[in-house]
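J.: Next comes the sequence, and after it the predicted model I'd like to discuss.
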Amino acid sequence: MRFRLLFCLFAFTAPVHAQTVDCSNAASQAQINSCAAQAYEAADGDLNLA
């Protein structure tokens, strides 16, 4: 049972993170969320340096 749960967890989440997103042409909500997360991480990193 645990194996199935872990398999489903990795099978459905791994491909999402492996895709590269063209943020200048984001078409879906998932792509927009990914671009927003990238922008947040970049801004957070800049603020941590200040």
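T.: All right, it came through fine.
J.: In this structure, what helix or strand scores lowest on average pLDDT?
T.: helix 2-18 (a mean of 60; mean pLDDT, DSSP states H and E).
J.: Would you tell me which helix is longest in the protein?
T.: Ranked by number of residues, the top helix in the chain under DSSP state H is helix 29-49.
J.: Can you list the neighbours in contact with that helix?
T.: Defining contact as CB atoms under 8 Å, 6 or more residues apart in numbering, one finds that helix 29-49 is touched by 16, 21-23, 26. In short, each C-beta sits where N, CA and C put it, glycine included.
J.: can you put the residues you listed in TSV and add distance to Cys35 and neighbour count?
T.: Shown next, in TSV, are these (distance: CB to CB, whole Å; neighbours: other CB atoms under 10 Å):
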residue	distance to Cys35	neighbour count
Val16	14	9
Val21	6	17
Asp22	9	9
Cys23	4	13
Ala26	5	15
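J.: in what helix or strand does Thr20 lie?
T.: Assigned by DSSP states H and E, Thr20 belongs to no helix or strand.
J.: From Gln31, how far off is it?
T.: Between Thr20 and Gln31 the computed distance is 10 Å (CB to CB, to the nearest Å).
J.: Looking at these two, which has the bigger crowd around it?
T.: Between Thr20 and Gln31, Gln31 has the larger neighbour count (other CB atoms under 10 Å), namely 15 against 6.
J.: Okay, Cys23 and Ala50: tell me how far apart.
T.: Counting by CB to CB, the gap from Cys23 to Ala50 is 24 Å.
J.: what is the mean pLDDT for the longest helix of the chain?
T.: For helix 29-49, mean pLDDT rounds to 95.
J.: tell me which residues in it are buried?
T.: Residues Ser34 are the ones in helix 29-49 that count as buried (16 or more other CB atoms under 10 Å).
J.: State the distance from Asn25 to Arg4.
T.: 37 Å.
J.: One more: Leu47?
T.: Leu47 is 42 Å from Arg4, where distance means CB to CB.
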